[in-house]
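Chemist: Need coordinates for the following:
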Amino acid sequence: MYNRWDIWLASVAFEDSPQVKNRPVLIMKERDDNCSVLVLFMTSHPPRDEWDYLLQDRTSAGLNNETVVRTEKLREIPFSKMIHRVGRLDIMDMRALDALLKKRYGSR
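Modeler: Numbers count the residues shown, from 1 in each chain. Alright, predicted model coming up:
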């Protein structure tokens, strides 16, 4: 159901408060427990460093605003917090982001 490179809207809590916000997340992997997914957070804020990736084709991904993938924000989210599928990364964004992740984390 949850495929790598799909973009979903999810209900996620802020790191420093109990406030919750619906925001896009990028699926990295469905967990073996069949209850949660590993995701990267996405934002409309500009890139902060070399590890933030600005999507080149946000429109094909189903996003309205310029969108940055925060590669340091790998989180586990339960299925119950997933709202609906928004879209899927374009093949060029998949390749570029995959290369960045391999550079940052190595090939796991």
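Chemist: Can you dump the C-alpha atoms of stretch 79-95 in PDB for me?
Modeler: Only the C-alpha atoms of stretch 79-95 are listed here, as PDB (Å, rounded to 0.1, in the frame of the first residue of the first chain):
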ATOM      1  CA  PHE A  79      -0.600   3.900   9.500                       C
ATOM      2  CA  SER A  80      -3.300   5.600  11.500                       C
ATOM      3  CA  LYS A  81      -1.700   9.000  11.000                       C
ATOM      4  CA  MET A  82      -1.600   8.600   7.200                       C
ATOM      5  CA  ILE A  83      -4.400  10.600   5.500                       C
ATOM      6  CA  HIS A  84      -4.200  10.100   1.700                       C
ATOM      7  CA  ARG A  85      -1.800   9.700  -1.100                       C
ATOM      8  CA  VAL A  86      -0.900  13.000  -2.800                       C
ATOM      9  CA  GLY A  87       1.400  11.800  -5.700                       C
ATOM     10  CA  ARG A  88       4.800  10.300  -6.500                       C
ATOM     11  CA  LEU A  89       8.200  11.700  -7.200                       C
ATOM     12  CA  ASP A  90       9.300  12.200 -10.800                       C
ATOM     13  CA  ILE A  91      12.000   9.800 -11.900                       C
ATOM     14  CA  MET A  92      14.700  12.500 -12.000                       C
ATOM     15  CA  ASP A  93      13.800  13.600  -8.500                       C
ATOM     16  CA  MET A  94      13.900   9.900  -7.400                       C
ATOM     17  CA  ARG A  95      17.400   9.500  -8.800                       C
END
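Chemist: ok, residues contacting it?
Modeler: With contacts defined as Cβ atoms under 8 Å, 6 or more residues apart in numbering, stretch 79-95 is touched by 2-3, 5-12, 22, 24, 26, 35-37, 53, 55-57, 60-63, 97. (C-beta placed from N, C-alpha, C; glycine too.)
Chemist: how near is the spatially most central residue of the chain to residue 18?
Modeler: Central residue of the chain (Cα atoms, centre = their mean): residue 26, 2.3 Å from the mean position. Going from residue 26 to residue 18 by Cβ to Cβ, to the nearest Å gives 24 Å.
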